[in-house]
Structures are given as structure tokens and as C-alpha cells.
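Chemist: Take this sequence and fold it.
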Amino acid sequence: MNGPGKLYFRYGTMGSAKTALLLTQAYNFEERGMQYMCFKPIIDDREKDNVIRSRIGIERKCEWIYPDTDIYELVKGLYEETLVLKDWILIDEAQFLTEAQVDQLSRIVDDYGTNVVCYGLRTDFQSHVFEGSRRLFELADSIDEIKSTCSCGRKTIINARIDGQGNIVTDGAQVEIGGDDKYVALCRRCWRNRRIESANRNTIKFE
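Modeler: Numbering: from 1, shown residues only. Now for the predicted structure:
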């Protein structure tokens, strides 16, 4: 068993370089000869291969996490197979984890002393907290916000969904995978103003 580990949650809006930070951390671990693994929920299916890839082009192989994956048993099996305890586990898109899976990550930290770092969004396009993120806020030993700036200069807190014309979308499924074509990070005031603008355009259109 390693020394005491920690469960970390590092969250930010879309475009705040969360994935790039994860991959940079993985690179640093490699340079220092530290043992680590990368994981990512399969719900983000934009990649055909099991990789974590940032917008700036760097990538790392990862293990997929399925909705029914018991992460504790998965990691336990990998540890028993290789006889090597990892120092770190890095998880991208952690907002898509289930509450039970976050509980499993906390068990990995407590039982094996492995440090687990989860990167993800706090809220969805309607400003509601994701299930995985909520549980991480409840259980994480360390919580850090990765800040980014709205076009107006304020801090972004909303992952606004947009349509093909750039109008703010307020209804729909919580999960809809996409990039800059579907989402824009905004501060709360700009989010409110753009929703009003979109509503007014739609009203004029149908009058």
C-alpha cells in the first residue's frame, strides 16, 4: 500500500484547458518515472480510439469507463495483474461519472493510497450540477477551479449550448457531446443577456 492518497477535483468551463492540464500532468509523471493511468468515460464518443486528446493536439492512451464499470474492481484487477500500484490516476470528463463511480474512486484512494485527479465540468448548459461533479464536491479532499475569462472580461461559469445560428439553447438532453460548434463558455450576466436576445429573435421570427 502506498502512503495516504488524495481525491482531487479540478473543474472549469469548456475551453478552460482542463484536458491540456491533465495531459501535461501525465507528461510530467512520465519524465519523473512515476506510475500513472488515464481514464475517460465512454459517453464522450468523439474519439474512435481510447485516447484523451486536447484541442491543442496532444494525447494519451486511456482506459474507457462505461456507465456500469466498477472502477474499484477494474483498478484492483489491473494492480493484481501487474503487481504495480500506480501513484496517480487521472480522469478526464469526470462530470460523466456516476455517483457510485466517484464513491469507488474514493475507495481506491483510501485502500491503495493512489492519488486520483478528476478533471471536469461543474454544471451543464442549464447551470445544473452534473451527478459526478456533485459527488466530487461532496467527497474530494482538494477542489480547485480552473478559471477562464468570458469575452466581457468576467469569469466564465456557464457552459452555454448554442444552435447553428449562435442562439442560446435552453431545452434538451443534459448530455450532448460537442465542441465550439455547440457550446460557448460565458459569465452569468452574458448568459442571461444572450438568452434574452435569443428569445427576442425567436419572438420576432414567429410574429
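Chemist: now the strands for this protein?
Modeler: Counting by DSSP state E, the segments of the chain that form strands are 7-11, 36-41, 51-53, 59-61, 63-65, 88-91, 115-120, 142-145, 158-162, 168-169, 183-186.
Chemist: Output the ones you listed in CSV, with mean neighbour count, mean pLDDT and distance to Asn200 appended to each entry.
Modeler: From N, CA and C alone the C-beta is placed, and that goes for glycine too. Supplementary listing: the strands of the chain in CSV, determined by neighbours: other C-beta atoms under 10 Å; pLDDT from 0 to 100; distance: least, C-beta to C-beta, whole Å:
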stretch, mean neighbour count, mean pLDDT, distance to Asn200
strand 7-11, 23, 98, 32
strand 36-41, 22, 95, 37
strand 51-53, 18, 83, 38
strand 59-61, 16, 85, 42
strand 63-65, 18, 93, 42
strand 88-91, 24, 97, 41
strand 115-120, 26, 98, 33
strand 142-145, 13, 98, 32
strand 158-162, 22, 94, 16
strand 168-169, 19, 90, 11
strand 183-186, 23, 95, 17
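Chemist: Now Cys150: closest residue in space that isn't a chain neighbour?
Modeler: Cys187 (4.0 Å; C-beta to C-beta, 6 or more residues apart in numbering).
Chemist: And for that neighbour, the neighbour number?
Modeler: Using other C-beta atoms under 10 Å, the number of residues around Cys187 comes to 19.
Chemist: which residues does it contact?
Modeler: Cys150, Cys152, Arg154, Lys155, Thr156, Ile157, Ile158 (C-beta atoms under 8 Å, 6 or more residues apart in numbering).
Chemist: Next one: the second one from Arg194, what distance?
Modeler: Distance from Cys152 to Arg194, counting by C-beta to C-beta, to the nearest Å: 11 Å.
Chemist: who's more crowded, those two?
Modeler: Between Cys152 and Arg194, Arg194 has the larger neighbour count (other C-beta under 10 Å), namely 18 against 11.
Chemist: Which neighbouring elements make contact with the least confident helix or strand in the chain by mean pLDDT?
Modeler: When the helices and strands of the chain are scored by mean pLDDT, DSSP states H and E, helix 188-206 comes last with a mean of 79. Counting contacts by 3 or more C-beta pairs under 8 Å, 6 or more residues apart in numbering; DSSP states H and E, helix 188-206 is packed against strand 158-162, strand 168-169.
Chemist: Nothing else from me, thank you.
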